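Undergrad: Would you be able to build a 3D model of this:
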Amino acid sequence: MEITVGSHVWVEDQELAWVDGVVTSVNGNEAEVETINGNQVTTKLSKLYPKDMEAPDTGVDDMTKLSYLHEPAVLHNLATRYGIKEIYTYCGNILIAINPFQAISHLYDTELMDSYKGAQLGDRSPHVFAITDVAYRAMNNEGKSNSILVSGESGAGKTETTKMIMRYLAYLGGHAAAEARTVERKVLESNPVLEAFGNAKTVRNNNSSRFGKFVEIQFDACGQISGAAIRTYLLEKSRVCQISEPERNYHCFYLLCAAPPKEIEKYKLGDPKSFHYLNQSSCYELVGVDDSHDYLATKKAMDIVGISVEEQDAIFRIVAAILHLGNIAFALEGEDSSVLEDDKAKFHLQVTAELLMCDLEALETALCKRNMVTPEEVIKRSLDPLGAAISRDGLAKTIYARLFDWLVKKINVSIGQDPDSKCLIGVLDIYGFESFKTSSFEQFCINFTNEKLQQHFNQHVFKMEQSVYQEEEIDWSYIDFVDNQDVLDLIEKKPGGIISLLDETCMFPKSTHETFAQKLYQTFKDHKRFVKPKLARTEFTIVHYAGEVQYQCDQFLDKNKDYIVPEHQELLSTSKCSFIASLFPSLNAETPKSGKFSSIGSRFKLQLQQLMDILNSTEPHYIRCIKPNSDLRPEIFENGVLEAIRVKCEGYPTNRIFSEFLERFSILVPEVLKENVEENVACKSIMEKVGLSNYQIGKTKIFLRAGQMAELDGRKAKLLGESAKVIQKQVRSRIARKCYVRIQTASICIQTVLRGQLACESLKFRKRTAAAVKIQKSARRKSASRKYTNIKSSAIVVQTGIRAMVARNEFRSKMQNHSATIQAATEEEEKDSGKEEEDIGKEEKDNGKEEKDVGKEEKDVGKEEKDVGKEEKDSGKEVEEPEDKEPEKQPTVEVQEKEELPDPPVAVLEQNKPDKTYVSPDKEQEVTEESNEPYHIVEEISSPIQDVLTAEELPSEVEQLKVLLIGEKKRADEYQKKHAEAQELSEQRRKKLEETEKKVHQLQESLNRLHQVQNQPLHPLLELITLIIRTTLMLHQLAQILHFQLQVVIQPTTLVPVLKLPRCMLKMLQPLKLQVLRTVIRRGHLMTTSDGSLCFCFILSIDDRYKHNFSRELQCRHAKHNPNSYT
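TA: Next up, the predicted model:
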């Protein structure tokens, strides 16, 4: 792009690295730029980079979408997204992660993990979960192992990114069972343990990993985690004994010093400032970190990964022993020997021996002396204080290294590996590129590792791309890239590499770091990647892919030697603590059979090569971590990322073999497969029909430029989505149809059942209605029959009474006439005594006739009385015992009353028992018979009188007549007396009869009123009782007038007084309509309570099953019709 006046450009700035501005003038090869800060800058045109003014304000999520692919555009895009807390950005298939230096919880919660599950790369915003999900799905779908390589400088966030990767893999491949110690849980909990013993604070990072780690997570055929293995590389042992400002030693030492007081006392610890291995730097605490809390968290993690309590105690005793070991100071004794400096050193020596459970004197000897082995003998040589301190530090480093190796081994054994696993996902968390003021052997190995990874990256991204282009014979322009193979040859070439020269130097006992440096100078003086400093004698510089690094080789020889002092080995192998003794097996068991020299560098080189072999066998995925800082120097910032961007955009980053491409995208143009053409032609037809042109057809593959695969995937996803909608529509329609048919069938069944039930209910209702009509008809018929019977009975009773009264009147008249005749005869005899003899026969004839007439009259009266008695007897039978004659056709009033009347109030009867005298049944019968006895006034003479007499018999007969006359006179006197008494009695009876007729009229009126009451709702109880009492009193008066005796009898079973009435009385009262009154007359009782009030008891001799119901029915009826009254 040509830069002219007014162009927006990027210009270098010392503080901000790059700043945008506007070109104000152009003078030849130079231009003046006015920056956004208002400064005027003059620079060369070659150092100006154009700015994309159409770029979005929030940046782009994939830097291959940038219009200008240069360093300031990339940095500006990353800075813009970082400003809005978007720390992840794609660069093709590479994820760039910027360390936010703060916790962003919503970026890693479960809901977010679920949203990335199964999502295509690019469907959602860039994230570490997206890269991990792509690797997981590729492993499941293609059956090939994958790897995720996390790289970046120290402090860029590699360790935290690795944690997120492992957490997401545990989420994808975790077991459903909520077990406390599943494989994925152990893998995750191994991180706190390894961080406590392998991480430390450095100048650039508060939690820097001081070892390399490659985690192999194994999966079964179902995609579930089945095993795991952790490989570690190059632990920085020197940090145990030596740290610089402002760094810290390994975290475990500070965690133990912050342990609970009980454990501090147990291990005889104190303030970290009191220990030599910790107080070399003034940094003891980290901001925002609680060591005491982390100590408990570490112990919990140890429990989960399977480290027992006894093993944990042994581990922390070793850590405490190392701290005490560092406080053992030495003083010079004699010329070249050393002793413990003071009592403090002796105390720490004793505590160290106690913690390591070894002999005190043996420990002191191992620190201060050495055995020199000669062919003839073994010579013990004393060490000076410096040599003793070096021996002490060597022992501390050896113990710590062995402890760390045991932890890794223990975790691997606890997690377990799956020998049947076919696929794995490897996660590499390796040290980033380091360049310090003092860079030693550790930085050399770390940077060597990064060079190896960069080469792997180059081969995967660059070389493989170009070689495939050449093999496939497609049109492409050659892409230049920075190849670091010459740097790797400089370091690892054998023979002639730096590591080979270092091993050779270490094999010579008299070699020094100066001789090693001189050998390097001579060997690589013409190498373009090797630079010799002008003044320094033990330093050299290597030009790495990320920049130049100057190394100080003062300690290269010592750190390269994988050597343990025999005295230290023998001391710790004889420890009484089995755990410590197991870390240091005997020399015979540990010494290899070959006497070949083994160095740290050579062993690390071998491990690194094994790692690269594993990575080459997997499908790699790259995550580049960046540490934002105030001095983002262009030459230090990930140049590999910028190179990848350029190559990806200029070349064809995506390629697929024809069969895979057709299998994946033939759905876009289905007719292509039906044409039966070659695969390459079919692929070309698909690209042409979908309208994409940025592609190349090779021999076996189709090559796509950046963005084309995403376009094809998008169209495929759209087509599948539309097809899925059609399928779903049909499936939903079918389901809905089935559901409708099922509901319709069910509704028909329900309707059938309901209609049947309704029909049954209707039939039942009609039957009940018909039954009710029939019952009502029968009840009305019975009521009418009962009414007719009552009226007929009442008429008969009235007629019987009237006839009886007429008969009695006639009887009384005849008796009066008879008495008058007798009196007249007597008077005539007195007046005509002289004519007695003459008129005897005549009188006797007259008397005979009169007596015959009286006999006839008496016989007529007797017949009439017999007829009345017969009628009364028939009427009584009809009233009292109707059920014996016609129980089915004509039910009597008594039966109906028993059916209709409820139970009497038993409690009231018991409380208000009448105070009546007891009359026996026999006496009652006698009184009844006397009341029914007929009245005899004149005894009938049955002897005949002869009309004709002989003369001879007249005198004797005269005498007899005289005697008879005297007797008749006497009898006439008696008859006259009786006649007077009869007249008086007749008069009394006449008065009583008039009173009876009056009472009968009153009774008839009462019957009429009661009949009206029967056809109306129930009247108040008080009126009913009053009416009953009045009726009863009238009955008593009527009984007295008619000479009937009312009797009160105590029932033996109920002890309740019963009112007894004569049958004729019952017959007269039979027509009463009211059920209660009729029952009272027949079976009721009139009682007087203790307080003198009158009480009438109902149905005292009725069946027991009716006694209670009557009282409740009577009260309910009364309450229904009189709700405001109290009964």
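Undergrad: Check for me that Ile542 belongs to a strand.
TA: Yes. Under DSSP: H, G, I helix; E, B strand; the rest coil, Ile542 sits within a strand.
Undergrad: List the beta-bridge partners for it.
TA: Beta-bridge pairing for Ile542 (DSSP bridges): Phe530, Val549.
Undergrad: Am I right that it is in contact with Asp489?
TA: No. Applying Cβ atoms under 8 Å as the test, Ile542 and Asp489 come out as separate, 11.9 Å apart. C-beta coordinates here come from the backbone N, C-alpha and C atoms, glycine included.
Undergrad: who's more crowded, the two?
TA: Between Ile542 and Asp489, Ile542 has the larger neighbour count (other Cβ atoms under 10 Å), namely 23 against 14.
Undergrad: who are the neighbours in contact with the more buried one?
TA: Taking Cβ atoms under 8 Å, 6 or more residues apart in numbering, we find Ile542 in contact with Asn447, Val487, Leu490, Ile491, Arg529, Phe530, Val531, Glu548, Val549, Tyr551.
Undergrad: go with 10 Å
TA: Ile542 makes contacts with 439, 444, 447-448, 451, 487, 490-491, 498, 524, 527, 529-531, 548-551, as judged by Cβ atoms under 10 Å, 6 or more residues apart in numbering.
Undergrad: now Leu428, what's its secondary structure?
TA: Per three-state DSSP, the secondary structure class of Leu428 is strand.
Undergrad: show me where the stretch 701-850 of the chain has strands.
TA: Taking DSSP state E, counting those that start in this stretch, the strands of the stretch 701-850 of the chain run over residues 701-704.
Undergrad: what separates Met53 from Asn39, distance-wise?
TA: Distance of Met53 to Asn39, computed by Cβ to Cβ, to the nearest Å: 20 Å.
Undergrad: ditto for Asn616
TA: Counting by Cβ to Cβ - Asn616 and Asn39 are separated by 50 Å.
Undergrad: picking that back up, compare Met53 and Asn39 and say which is more crowded by neighbours.
TA: Counted by other Cβ under 10 Å, Met53 and Asn39 do not tie: Asn39 has more neighbours, with 12 against 9.
Undergrad: quick one: contacts for the more buried one?
TA: Val11, Asp13, Val19, Gly21, Val33.
Undergrad: Show me just the buried residues among the contacts of Ile542.
TA: Neighbour-count burial within the contacts of Ile542 applies to 439, 444, 447-448, 451, 487, 490-491, 498, 524, 529-531, 549-551; the criterion is 16 or more other Cβ atoms under 10 Å.
Undergrad: nearest to Arg370, of these?
TA: Proximity to Arg370 was ranked across the buried ones among the contacts of Ile542 by Cβ to Cβ; first place goes to Phe444, at 28.8 Å.
Undergrad: Tell me the gap between the helix or strand harbouring that closest one and the middle of its chain.
TA: Take DSSP states H and E as the rule and Phe444 turns out to sit in helix 441-458. Computed by Cα atoms, centre = their mean, to the nearest Å, the separation of helix 441-458 from the middle of its chain amounts to 55 Å.
Undergrad: Export only the CA atoms of that helix, formatted as PDB.
TA: Only the C-alpha atoms of helix 441-458 are listed here, as PDB (Å, rounded to 0.1, in the frame of the first residue of the first chain):
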ATOM      1  CA  PHE A 441      21.700 -24.400  32.500                       C
ATOM      2  CA  GLU A 442      17.900 -24.500  33.300                       C
ATOM      3  CA  GLN A 443      17.200 -21.600  30.900                       C
ATOM      4  CA  PHE A 444      19.300 -23.400  28.300                       C
ATOM      5  CA  CYS A 445      17.200 -26.600  28.500                       C
ATOM      6  CA  ILE A 446      13.900 -24.600  28.700                       C
ATOM      7  CA  ASN A 447      14.700 -22.600  25.500                       C
ATOM      8  CA  PHE A 448      15.900 -25.800  23.800                       C
ATOM      9  CA  THR A 449      12.500 -27.300  24.500                       C
ATOM     10  CA  ASN A 450      10.800 -24.200  23.100                       C
ATOM     11  CA  GLU A 451      12.900 -24.500  20.000                       C
ATOM     12  CA  LYS A 452      11.800 -28.100  19.600                       C
ATOM     13  CA  LEU A 453       8.100 -27.100  20.000                       C
ATOM     14  CA  GLN A 454       8.600 -24.300  17.500                       C
ATOM     15  CA  GLN A 455      10.000 -26.700  15.000                       C
ATOM     16  CA  HIS A 456       7.000 -28.900  15.600                       C
ATOM     17  CA  PHE A 457       4.800 -25.900  15.000                       C
ATOM     18  CA  ASN A 458       6.700 -25.000  11.900                       C
END
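Undergrad: pLDDT of that helix, averaged?
TA: Mean pLDDT, helix 441-458: 89.
Undergrad: and what of stretch 565-581?
TA: 92.
Undergrad: before we move on, what about stretch 522-530?
TA: Stretch 522-530 comes out at a mean pLDDT of 92.
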